[in-house]
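# can't give you the sequence, but here's the structure:
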């Protein structure tokens, strides 16, 4: 079975078109299973990069999902402004709830990196 046929059968849009927004089920799956692994990697991958952002700088996280990484980083560097961008309205909703304590330094926007909404 071709991947596109399997994707259609399972209703998985991300396998058909990686630029398509996640479905509600895909958003839930990502937030519960994938995002925790991403957050665990943050110290090794993002930590060194975050240290290079100048005082008072801005960080754009493309594909922020439900915002766990942005919320965590916003708590570590309170001098920075963070914007999370994701295609999925469900993920942006989760991200806004998760990052509310860091507003207005942390905001989340629904949109595509291929057509930035700002």
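That came through fine. Treat the numbers as computed from the prediction; the structure is a model and nothing was measured. Residues are numbered from 1 along each chain as shown.
# okay, strands next: where are they in the chain?
Using DSSP state E, the strands found in the chain span residues 58-62, 81-86, 106-110.
# so of these, which one's packed in deepest?
Mean neighbour counts were compared across the strands of the chain using mean count of other CB atoms under 10 Å; the top stretch is strand 81-86, at a mean of 22. All C-beta spots, glycine's among them, are computed from the backbone N, C-alpha and C.
# run a quick neighbour tally on the residue lying closest to residue 77 once chain neighbours are set aside.
Nearest residue to residue 77 in three dimensions, chain neighbours excluded: residue 50, at 6.1 Å (CB to CB, 6 or more residues apart in numbering). Number of residues near residue 50 (other CB atoms under 10 Å) recorded here: 16.
# I figured residue 50 hits residue 74, correct?
No: checked against CB atoms under 8 Å, the pair residue 50 and residue 74 is beyond contact range at 10.6 Å.
# re the thing from before, export the strands of the chain to CSV and append columns for mean pLDDT and distance to residue 69.
Output for the strands of the chain, formatted as CSV (pLDDT from 0 to 100; distance: least, CB to CB, whole Å):
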stretch, mean pLDDT, distance to residue 69
strand 58-62, 95, 7
strand 81-86, 96, 8
strand 106-110, 97, 11
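# out of the ones you listed, which is closest to residue 95?
Each of those was checked against residue 95 via CB to CB, and the shortest separation belongs to strand 106-110, namely 4.1 Å.
# what angle sits between the closest one and strand 58-62?
40 degrees (axes from the mean of the first three to the mean of the last three CA atoms, to 10 degrees).
# going forward, the N-terminal residue is numbered 257.
Yep, numbering from 257; the last one is strand 362-366 now.
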